[in-house]
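Chemist: Fold the stuff below for me.
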Amino acid sequence: MALVNMKEMLCAARKAKKAVGAFNVTNYETAAAVLKAAEQENEPVIIQLYMRLFDTGKAYDLCGMLQRLAFRGKVPVALHLDHGNTVKQATDALAWGYTSVMYDGSRSPYDENVKWTKHVADYAHALGATCEGEIGHVAQGDETALTDVGEAADFAKATGVDALAVSIGTAHGYYKQEPKLDIPRCAAIAAAIPDVPLVLHGGSGTPLADVRRAIESGVAKVNIATEFLDGYVKATLKTFGDLNGAFVPPDKLADPIIDACAAHVQRLVRFFAGR
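Modeler: From the prediction side, this is the model:
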């Protein structure tokens with residue numbers, strides 16, 4: 001089916017106390033694996049590209065391929081800019097055919113974050129797309145700033161975002177020690193903004209029991225990047241290592257890599273859906 005934005009899938013997921021998996025991809029193999037898993041589970045999925053790909057032209061080149069892959073399938077697929085930190089990245093993404101964007105102003109002063117997130121959200125809505133914002137700051141090698149409940153409610157109202165990334169104790173990348181998620185904070189934010197699905201960044205390596213509790217407390221989108229892409233690298237190295245010097249056409253080499261990555265995604269998609 002055609003690409004969709006995130007609004008309907010995330011609102012339905014939140015109402016059912018489920019979540020949609022949002023997986024970062026970088027090439028054909030990773031994208032094909034995510035879509036194969038979603039089709040096998042008959043669940044919607046979000047394909048994300050990290051913001052740095054929008055500064056190199058790779059996100060533009062990949063967009064056409066991702067659209068064709070989505071059109072070929074039967075499940076709803078949203079194509080999303082992850083952690084966009086400039087207005088240009090967001091407007092480029094929407095011009096190229098992405099159906100959703102994130103403007104991440106979480107490192108900026110609150111008023112500036114509101115101003116530019118609202119600007120991007122208004123622009124996205126005019127084109128029938130969706131916008132994700134972030135309040136608080138999910139760590140990536142720096143200090144986490146947990147999301148304040150009242151500030152989250154004010155931010156959601158002021159910006160009109162369709163989904164809100166919140167900081168409740170997760171971090172990007174692999175953890176050096178097990179995270180401690182503040183589930184009561186998550187539940188309080190969800191209660192304050194009942195119409196805005198929450199987003200859990202830093203899903204890689206987060207204990208699944210904690211992810212389930214977060215989903216039951218208002219999270220409707222779970223981001224997975226590091227563990228999925230790390231799995232892709234490991235599957236690629238294994239496939240090449242198994243060759244023992246033999247020649248295999250590159251297109252056939254892709255198949256076992258896609259299968260291994262799809263199996264990983266399929267387990268997560270099923271879990272997020274509560275099955």
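
Chemist: Can you check which strand is longest in this protein?
Modeler: When the chain is parsed with DSSP state E, its longest strand is strand 77-84.

Chemist: Show me the helices in the chain, by range?
Modeler: For the chain, applying DSSP state H gives helices covering 7-15, 28-41, 58-72, 87-96, 110-126, 149-159, 183-192, 208-216, 226-241, 250-272.

Chemist: In CSV: those helices, plus mean neighbour count and distance to His80.
Modeler: (C-beta placed from N, C-alpha, C; glycine too.) Shown next, in CSV, are the helices of the chain (neighbours: other C-beta atoms under 10 Å; distance: least, C-beta to C-beta, whole Å):
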stretch, mean neighbour count, distance to His80
helix 7-15, 19, 11
helix 28-41, 22, 12
helix 58-72, 16, 10
helix 87-96, 19, 8
helix 110-126, 18, 11
helix 149-159, 19, 17
helix 183-192, 19, 21
helix 208-216, 18, 19
helix 226-241, 16, 15
helix 250-272, 18, 16
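
Chemist: Make JSON lines from those helices and add distance to Gln48 to it.
Modeler: Compiled in JSON lines, the helices of the chain are given as follows (distance: least, C-beta to C-beta, whole Å):
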{"stretch": "helix 7-15", "distance to Gln48": "14"}
{"stretch": "helix 28-41", "distance to Gln48": "9"}
{"stretch": "helix 58-72", "distance to Gln48": "10"}
{"stretch": "helix 87-96", "distance to Gln48": "11"}
{"stretch": "helix 110-126", "distance to Gln48": "15"}
{"stretch": "helix 149-159", "distance to Gln48": "20"}
{"stretch": "helix 183-192", "distance to Gln48": "21"}
{"stretch": "helix 208-216", "distance to Gln48": "17"}
{"stretch": "helix 226-241", "distance to Gln48": "10"}
{"stretch": "helix 250-272", "distance to Gln48": "13"}
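
Chemist: Let me have those in CSV, extended by mean pLDDT.
Modeler: Formatted as CSV, those follow (pLDDT from 0 to 100):
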stretch, mean pLDDT
helix 7-15, 96
helix 28-41, 97
helix 58-72, 95
helix 87-96, 97
helix 110-126, 97
helix 149-159, 97
helix 183-192, 96
helix 208-216, 93
helix 226-241, 93
helix 250-272, 95
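
Chemist: For Ile168, find the nearest of the ones you listed.
Modeler: For the helices of the chain, distance to Ile168 was read as C-beta to C-beta. The smallest value, 4.8 Å, belongs to helix 183-192.

Chemist: what packs against that closest one?
Modeler: Secondary-structure packing of helix 183-192 (3 or more C-beta pairs under 8 Å, 6 or more residues apart in numbering; DSSP states H and E): helix 149-159, strand 163-166, strand 198-200, helix 208-216.

Chemist: got TSV for those, with distance to Trp116 too?
Modeler: Shown next, in TSV, are these (distance: least, C-beta to C-beta, whole Å):
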stretch	distance to Trp116
helix 149-159	9
strand 163-166	15
strand 198-200	18
helix 208-216	27
